[in-house]
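Enquirer: Prediction below, plus the sequence it came from.
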Amino acid sequence: MTIRLTQYAHGGGCACKIPPGELETVVAGLVGGARPQGPGELLVGLDDGDDAAVVRIAAGTAVVATADFFTPVVDDAYDWGRIAAANALSDVYAMGATPVVAVNLLGWPRERLPMELAAEVLRGGLDVAREAGCHVAGGHSVDDPEPKYGMAVTGVADPDRIMRNDAGRPGTPLTLTKPLGVGVLNSRHKQTGEVFPQAIEAMTRLNREASEEALKAGAGCATDVTGFGLLGHLHKLARASGVTARIDASAVPYLDGAREALGDGFVSGGTRRNLDWVRPHLDRAGISEDELLLLADAQTSGGLLVAGEVPGYPVIGELLPARDGVTVTVRP
């Protein structure tokens, strides 16, 4: 019997994130306040919803820490493990850091799914971590009604060369390092069982090279594009940086089959919530609702969005001076 992992979860991948507006309300009371007495200096915390925490522990050395996990985004257990690991590692790369060690986070319905499948998930995660040169050392597991997998990752960085989401400046081009569209393709996969190798290849591709090239180009501002979609993550970056971002819709790359999946109605609830969250801060003259849905498509293990021109990757827009009430403008 073929087991379809995506049928054991209410959502899939980063599309199952808590909606961004609700999440910001939950953590609002945790921002600021007295910092604990202890080793190191917190450089990046909760204040602007960045991709990872950064603590300077010595001159020239900062520790970068993050955690990410989600329900199955594909039916193949090994591929799901690879995707989840690449996605967790991406938060470290988005900060301009190098991953050092990861621990597994596993929730498994042990009375409904064979443990052999769990082993395949963990094997996929291990293989991607090894590709990244990152140690995997244990982790934590719980008996869970829905399967969930991811990693907590610790990395290191030069504290004077980290990329953060509040450092964008007007006049800087915007670069996107992976095409969009995995959200609608994953929704189609969940509902029909069709397999999309182009989506799996994109989701399992590490953002290591893109991060290294961005640092070489002198970038100091970046984020990765995951569950809140391009519009959502760009809104957060622009808001944190005190700028307005312009997207040239015709310059944004998409995976083969993404527009067809959208046209056939394979849009997740997470994508629609992303668009609803950004819409009050959006100037979208001349852009269709379908185009906005693609720009808000909830990505899993998406690319880096870099404030700066990164050789080898497409420029999709520019950061502009702040406009009252507008963080993102979209033009044809």
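Expert: Yes, it's here.

Enquirer: And the helices in the stretch 101-250 of the chain?
Expert: 115-131, 182-192, 197-204, 208-216, 229-241 (DSSP state H, counting those that start in this stretch).

Enquirer: Flag every buried residue along the fourth one.
Expert: Residues of helix 208-216 classed as buried: Arg208, Ala210, Ser211, Glu213, Ala214, Leu215 (neighbour count, 16 or more other Cβ atoms under 10 Å). Where you see a C-beta, it was placed from the backbone N, CA and C, and this is true even at glycine.

Enquirer: want to try CSV for the helices of the stretch 101-250 of the chain, with distance to Val156 and mean pLDDT as columns?
Expert: Supplementary listing: these in CSV, determined by distance: least, Cβ to Cβ, whole Å; pLDDT from 0 to 100:
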stretch, distance to Val156, mean pLDDT
helix 115-131, 15, 98
helix 182-192, 29, 97
helix 197-204, 24, 98
helix 208-216, 13, 98
helix 229-241, 23, 97
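
Enquirer: Take those helices and write them to CSV, including distance to Phe69.
Expert: Supplementary listing: the helices of the stretch 101-250 of the chain in CSV, determined by distance: least, Cβ to Cβ, whole Å:
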stretch, distance to Phe69
helix 115-131, 10
helix 182-192, 16
helix 197-204, 15
helix 208-216, 20
helix 229-241, 19
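
Enquirer: wait, which of the ones you listed is closest to Ala258?
Expert: Distances from Ala258 to each of the helices of the stretch 101-250 of the chain were compared by Cβ to Cβ, and the smallest falls on helix 182-192, at 5.5 Å.

Enquirer: which other helices and strands contact that closest one?
Expert: helix 197-204, helix 258-263, helix 269-278 (3 or more Cβ pairs under 8 Å, 6 or more residues apart in numbering; DSSP states H and E).

Enquirer: would you turn these into TSV with distance to Gly229 and mean neighbour count?
Expert: Written out in TSV, the entries for the helices and strands packed on helix 182-192 read as follows (distance: least, Cβ to Cβ, whole Å; neighbours: other Cβ atoms under 10 Å):
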stretch	distance to Gly229	mean neighbour count
helix 197-204	15	19
helix 258-263	13	18
helix 269-278	4	22
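
Enquirer: just so I have it, where are all the strands in this structure?
Expert: 41-44, 53-58, 61-70, 98-108, 135-143, 148-157, 173-176, 222-224, 243-248, 282-283, 304-307, 315-321, 328-331 (DSSP state E).

Enquirer: and the fifth one, which residues are buried?
Expert: Spelled out, it's strand 135-143. Residues of strand 135-143 classed as buried by neighbour count (16+ other Cβ under 10 Å): Val136, Gly139, Ser141.

Enquirer: Among these, which one sits closest to Ala167?
Expert: Minimum separation from Ala167 among these (Cβ to Cβ) is found for Val136, which lies at 31.1 Å.

Enquirer: Look at the closest one and report its pLDDT.
Expert: The pLDDT attached to Val136 in the predicted structure is 98.

Enquirer: Just to check, it is in contact with Gly125?
Expert: Yes - shown here, Val136 and Gly125 form a contact pair, counting by Cβ atoms under 8 Å, at 7.1 Å.

Enquirer: who's in contact with the residue nearest in space to the middle of the chain?
Expert: Within the chain, one residue has its C-alpha closest to the average C-alpha position: by Cα atoms, centre = their mean, that is Thr226, at 2.8 Å. Neighbour list for Thr226: Cys14, Lys17, Asn87, Ser90, His233, Ala298, Gln299, Thr300, Ser301, Gly302 [criterion: Cβ atoms under 8 Å, 6 or more residues apart in numbering].

Enquirer: Val225 too?
Expert: Residues near Val225 by Cβ under 8 Å, 6+ apart: Leu176, Lys178, Leu180, His233, Gln299, Gly302, Gly303, Leu304, Leu305.

Enquirer: try it again with 10 Å
Expert: Contacts here follow Cβ atoms under 10 Å, 6 or more residues apart in numbering; on that basis Val225 touches 14, 90, 94, 176-178, 180, 182, 231-234, 297-305.

Enquirer: ditto for Gly183
Expert: 12-15, 73, 199, 226-227, 229, 258, 261-262, 266-268, 270-271, 274, 293-294, 296-300, 302.

Enquirer: how far away is it from Met151?
Expert: From Gly183 over to Met151 the distance is 21 Å, taken as Cβ to Cβ, to the nearest Å.

Enquirer: again, but for His235
Expert: Distance, His235 to Met151, by Cβ to Cβ: 27 Å.
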